[in-house]
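**Q** structure, please.
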Amino acid sequence: MTTTLLVLTLNEIDGMKEVMPKIKKEWVDEIILVDGGSTDGTIEEAKRMGIRVLHQTNRGHGDALLLGINKTESEKYIFFSPDGNHYPEEILLLKNKLNEGYDQVVISRFGKGSINLDADIVERFGNKMFAFLTNVFFGGKFSDTLNESRAITRKAFLELNFDALKMDSTQQMSIRGLKKKQKIFEIVGNEGERVGGKQKMKPLQVGANLSTQIIREFIFWKF
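**A** As a prediction, the model looks like this:
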C-alpha cells in the first residue's frame, strides 16, 4: 500500500530550508511538492532536495490537493505544509493511524490539551465555531475540521466527489466524510509558530466561504 506525502507551498522558502530536512524520505513512498506559483526560491530548493514538483495552473488549497492526487496513483495520501504550523512527526502519526484501517485521519489543533502558537483569538473562535456547526449539522465529533494536516485513502477521497478548490477544502473533506459515514479518527496535536512567509488565509473571506459551504452541504445533502 503506497503512501504519498503532498507538500503544499506558496513562497515557503524558509520552511523548505528549516522544516523539510526534518522529514525522512523513508517515512513515505513518495514526496511531491505542489506549488501555487512561488517566486522566492521554493521550487528551486525542492528540486535541489530531489523532490518532484507539480505546478498549479490555478490557485487554491483544494486545487493543489486535486492536482496532487490526480497526478499520482498512491493508495494513501498525507497532506503537509512546511510553514512551521505542522510538525514533521505528525506524518508518522497520520500514516500509522491510516494503516489501522481509517478512511481519514486529522490532526486537531484545538483538542483537549492542544497548544496553539499561531492562531489569534479570531481564528481560534472561528475554528471552534465551524467544528461545532459541522458536528451539529452532520453528526461529527470534531474539535478541528479545518486543519490541513491530515491523511486520507484514495478510495475515501474519490467517494467525496471533491470540488472545494480554495480554503474550504478541508472542511468539505470533514463534512462529506461524515455524510459518507467514513471511518474518521482525530489525533489531538499542536500548532507551531509560522516559519517565515506570510499567512495566506483571509479570515473574513474564508469565513464567508465556510459558512456558505455548511449551508449548501446541509440543504443539498446528496452529492
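**Q** can we go C-alpha only for contacts and neighbour counts from here?
**A** Noted.
**Q** and stretch 57-68, which residues are buried?
**A** Residues of stretch 57-68 classed as buried: Gly60, His61, Gly62, Asp63, Ala64, Leu65, Leu66, Leu67, Gly68 (neighbour count, 16 or more other CA atoms under 10 Å).
**Q** same question, stretch 75-89
**A** 76-88.
**Q** please apply the same query to stretch 158-175.
**A** So for stretch 158-175, counting by 16+ other CA under 10 Å, buried means 160, 162, 164-175.
**Q** distance from the chain centre to it, please.
**A** Its chain's C-alpha centre lies 10 Å from the corresponding centre of stretch 158-175 when counted by CA atoms, centre = their mean, to the nearest Å.
**Q** helices of the chain, start to end?
**A** 13-18, 42-48, 61-70, 90-98, 121-138, 154-159, 169-179, 203-219 (DSSP state H).
**Q** from Arg48, how far out is the residue nearest the centre of the chain?
**A** Closest residue to the average C-alpha location of the chain: Glu148 at 2.2 Å, with CA atoms, centre = their mean. For Glu148, the distance to Arg48 equals 25 Å [CA to CA, to the nearest Å].
**Q** count the neighbours of Thr212 for me.
**A** Using other CA atoms under 10 Å, Thr212 has 12 neighbouring residues.
**Q** and if you look at the one 5 residues further on?
**A** Glu217: 17 surrounding residues under other CA under 10 Å.
**Q** in contact with it, which residues?
**A** Ile175 (CA atoms under 8 Å, 6 or more residues apart in numbering).
**Q** again, only this time at 10 Å
**A** Phe137, Phe138, Gln172, Ile175, Arg176, Lys179, Phe223 (CA atoms under 10 Å, 6 or more residues apart in numbering).
**Q** dump the helices of the chain to a markdown table, plus mean pLDDT.
**A** Formatted as a markdown table, the helices of the chain follow (pLDDT from 0 to 100):
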| stretch | mean pLDDT |
| --- | --- |
| helix 13-18 | 97 |
| helix 42-48 | 97 |
| helix 61-70 | 96 |
| helix 90-98 | 97 |
| helix 121-138 | 94 |
| helix 154-159 | 98 |
| helix 169-179 | 98 |
| helix 203-219 | 91 |
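**Q** of the ones you listed, which is nearest Gly111?
**A** helix 121-138 (9.8 Å; CA to CA).
**Q** returning to that earlier point: just the helices of the chain: most buried one?
**A** helix 169-179 (a mean of 22; mean count of other CA atoms under 10 Å).
**Q** what is it packed up against?
**A** Secondary-structure packing of helix 169-179 (3 or more CA pairs under 10 Å, 6 or more residues apart in numbering; DSSP states H and E): helix 61-70, strand 104-108, helix 121-138, helix 154-159, strand 184-188, helix 203-219.
**Q** show the pLDDT at Asp40.
**A** Note on Asp40: pLDDT of 96.
**Q** circling back: quick one: which of the buried residues of stretch 158-175 is nearest Leu92?
**A** Among the buried residues of stretch 158-175, and counting by CA to CA, the member closest to Leu92 is Thr170, at 19.8 Å.
**Q** what does the model give the closest residue to that closest one other than its chain neighbours for pLDDT?
**A** Among residues not flanking Thr170 along the chain, Leu146 sits closest, at 5.3 Å (CA to CA, 6 or more residues apart in numbering). Listed pLDDT for Leu146 reads 96.
**Q** do Lys222 as well
**A** At Lys222, pLDDT is 86.
**Q** try Met201
**A** Looking at Met201, the pLDDT reads 64.
**Q** residues in contact with the closest residue to Arg59 other than its chain neighbours?
**A** Spatially, and ignoring its direct neighbours in sequence, Arg59 is nearest to Gly36 (5.9 Å; CA to CA, 6+ apart). Applying CA under 10 Å, 6+ apart, we find Gly36 in contact with 8-11, 43, 54-61, 63-64.
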